[in-house]
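Q: Pasting the sequence and the predicted model now:
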Amino acid sequence: MRNIFFVIIQTILWTDLSAQTLPIDHQATWETILLYRHLKTLAGRGFLFGHQDDLAYGAYWKYIPGRSDVKDVTGDYPALYGWELGRIELDQPNNLDGVPFRLMKDYIREGYRRGGVITISWHLNNPLTGGSAWQPAPGTVASILPAITDSSGVAVAAGPGHELYKTWLDKVAAFLSDLKGPNGESIPVILRLFHEINGDWFWWGGKNCTPDELQRLWRFTVSYLRDEKHLHHLLYAYNTDRFASEAAWLERYPGDEWVDIGGFDIYQAYDIKRKEDYIRAFDQDLSMLQSIATAHGKIAALTEFGYNGIPDSNWWTGSFLPTLKNTIWHM
């Protein structure tokens, strides 16, 4: 996660209430439908604030029951809990943040019992090179695509790594299917696939594949989890990194029938270290995302943000919150 862990936040923001009231999976569980509708009704009323790995570790502590950095600061737990599946495809006991998958399941159940929303990302290894998610290699996405028949009727064989990728999805599906609530119900999960989809730093992003290749991979992945593995407790979130225009955000978008939630990531870092630059970029992208979400009937989200180390003690109240409130309540 670009070496930024404790300030990764996932916040559901606003949406158009005239849009569809069912998720893209029309066989979604009742709990998943209720979550989807709840997120839809947040328009103009507020937002949900979340934190990555919140129950597992924090500032100078690890694995203390009931501990949470957000609770330490605010007096309450976050509304959203973010988790990560990277390394599950390798059968490792811990994810790439070092959190044991065994404990992660318990934390997810705990957050759900508390009424929290669960969101999960997956920094899967490069299936072509064997390197990490951060090892870009052109051709990786093509190597795991399924067979198709093109528009001229010509059969195109599956990529050589397609069967391997399916075994990785099987492991993800096994984890997700084991997430049960106190009454045996499947816990609804927002699954954030191939995040920062326009970024060159991941093997699935930016110049490392064509928009068509990524769209095909997205559609296959959703279809496999939904239709082959029969997982019906998932909402699917599409997100970019920072983007320059609505067309740029939509360049790799797989279609309205394949996405429930749309968002973007933005940190005060890299080329936007100055407060004024961050606020300007944040406001611009929020405004564009609102327009896109309204046009496509999707829930809009700010999927990752933060300021590593928080060197500005007034950052939350002086930079982040005023920009957020100004945009979502004054569009």
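A: Okay, I see it. Residues are numbered from 1 along each chain as shown.
Q: use CA for all of it now, contacts and neighbours both
A: Will do.
Q: hang on, residue 265 in a strand?
A: Yes. The assignment for residue 265 (DSSP: H, G, I helix; E, B strand; the rest coil) places it in a strand.
Q: What's the per-residue pLDDT of it here?
A: Residue 265 carries a pLDDT value of 96.
Q: same check, this time on residue 60
A: pLDDT recorded at residue 60 is 93.
Q: Please determine how far it is located from residue 316.
A: From residue 60 over to residue 316 the distance is 21 Å, taken as Cα to Cα, to the nearest Å.
Q: got it, and residue 104?
A: The gap separating residue 104 from residue 316 is 28 Å, by Cα to Cα.
Q: now swap in residue 32 and tell me
A: Plainly put, residue 32 is 31 Å away from residue 316 if you go by Cα to Cα.
Q: okay, those two: which has more neighbours?
A: Of the pair residue 32 and residue 316, residue 32 is the one with more neighbours under other Cα atoms under 10 Å, namely 23 against 13.
Q: Could you list the low-confidence segments of this structure?
A: Along the chain, the parts satisfying pLDDT under 70 run over 1-20, 43-44, 328-331.
Q: Which parts of it are strands?
A: Taking DSSP state E, the strands of the chain run over residues 11-12, 50-52, 57-58, 61-62, 80-84, 117-121, 148-149, 155-156, 189-192, 234-240, 261-267, 299-306.
Q: now what about the fifth one, what contacts it?
A: For strand 80-84, the external contacting residues (Cα atoms under 8 Å, 6 or more residues apart in numbering) are 9-11, 48-54, 95-97, 104, 108, 111, 116-123.
Q: Let's see the PyMOL selection covering just the buried ones among those.
A: Those of those that count as buried under 16 or more other Cα atoms under 10 Å are selected in PyMOL with:
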select buried, resi 9+10+11+48+49+50+51+52+53+54+95+96+97+104+108+111+116+117+118+119+120+121+122+123
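Q: And the residue nearest the centre of this protein?
A: Against the mean C-alpha coordinate of the chain, by Cα atoms, centre = their mean, the closest residue is residue 192 at 2.7 Å.
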